[in-house]
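Enquirer: when you get a sec, could you give me coordinates for this:
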Amino acid sequence: MSSSPGDTDLGALFDEHVADEFVVQDVAATMTTMTDAPVVNHVPTTAGGAGRDAVAEFYRDHFIGQWPADLTITRLTRTADAERVVDEMIIRFTHDRVIDALLPGVAPTGRQVEIAAVAVVGCEDGKVAYEHIYWDQASLLVQVGLLNPEALPVTGKEQVKALLENEPLNTLQP
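Expert: Residues are numbered from 1 along each chain as shown. Now for the predicted structure:
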C-alpha cells in the first residue's frame, strides 16, 4: 500500500537513497531507505536483485564503492507524484574499472563515457520499493570501444550532446 499524498517527500527520499549509494557508500544506510521487499533492476544488463537480501548483496558486491572516482551524475529533470520519482540524468565517468551494473565483466578501457539515463523509482509507505534504471547500452558499448557504430544505427556521446543542446542531430538519411 502506498503512502498518502504528502506523507513523504519522495524526491528527498530518493536523493537520500542516492547519497547513501554514491556519497556515504554505505549498504546499511542505503537499505534503510528501502522497503522490506525491494527490487533493483538495471534494465539493459538486468543487474540488481529482488528481495532485501538479494538487493543488499548486489549493493555490497557489485554496486556501492565500485564506481570511478570521477563519476558525476547530473539530473536534468525530475517528475514525481505520490507513488514514484522519475529522474532523467547524465552520467559521466572514466571507464577505469569493471562496473558490474553497466558493463559486467568488461575490463577497463580508460575511455571517457557520457550516457543519458532514466531512473524510475517506485515508493511504498515512504520507502523505495523498486528502481528501474534505463540507458542506451549500445551508446555505452560504442563509447568503450566494444561496438562499431559505422554499420549500425547507433551513436555514442552524440546522444548526450543532442540532449543537452535540446537539438536532435537528425542522423536519418534520405
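Enquirer: quick check: longest helix of this protein.
Expert: Longest helix in the chain, counting residues (DSSP state H): helix 10-22.
Enquirer: next SSE after that one?
Expert: Next along the chain after helix 10-22, taking DSSP states H and E as the criterion, comes helix 27-32.
Enquirer: list the buried residues in stretch 16-30.
Expert: Using 16 or more other CB atoms under 10 Å as the test for burial, stretch 16-30 gives 16-18, 20-22, 25, 27, 29-30. All C-beta spots, glycine's among them, are computed from the backbone N, C-alpha and C.
Enquirer: can you give the distance of that stretch from its chain's centre?
Expert: The chain centre lies 14 Å from the centre of stretch 16-30; the measure is CA atoms, centre = their mean, to the nearest Å.
Enquirer: ends of that stretch, how far apart?
Expert: 8 Å (CA to CA, to the nearest Å).
Enquirer: now that stretch: average pLDDT?
Expert: Stretch 16-30 carries an average pLDDT of 97.
Enquirer: give me the residues contacting that stretch.
Expert: The contact list for stretch 16-30, computed with CB atoms under 8 Å, 6 or more residues apart in numbering, reads 32-34, 56, 59-60, 63-65, 67, 71, 73, 121, 128.
Enquirer: and what of stretch 72-85?
Expert: So stretch 72-85 is contacted by 2-6, 10-11, 13-14, 18, 22, 86-93, 119-124, 163-164 (CB under 8 Å, 6+ apart).
Enquirer: make it 7 Å
Expert: 2, 5, 10-11, 14, 86-92, 120-123 (CB atoms under 7 Å, 6 or more residues apart in numbering).
Enquirer: highest neighbour count among the residues you listed?
Expert: Among the contacts of stretch 72-85, C123 has the most neighbours (other CB atoms under 10 Å), with 25 neighbours.
Enquirer: much appreciated, bye for now.
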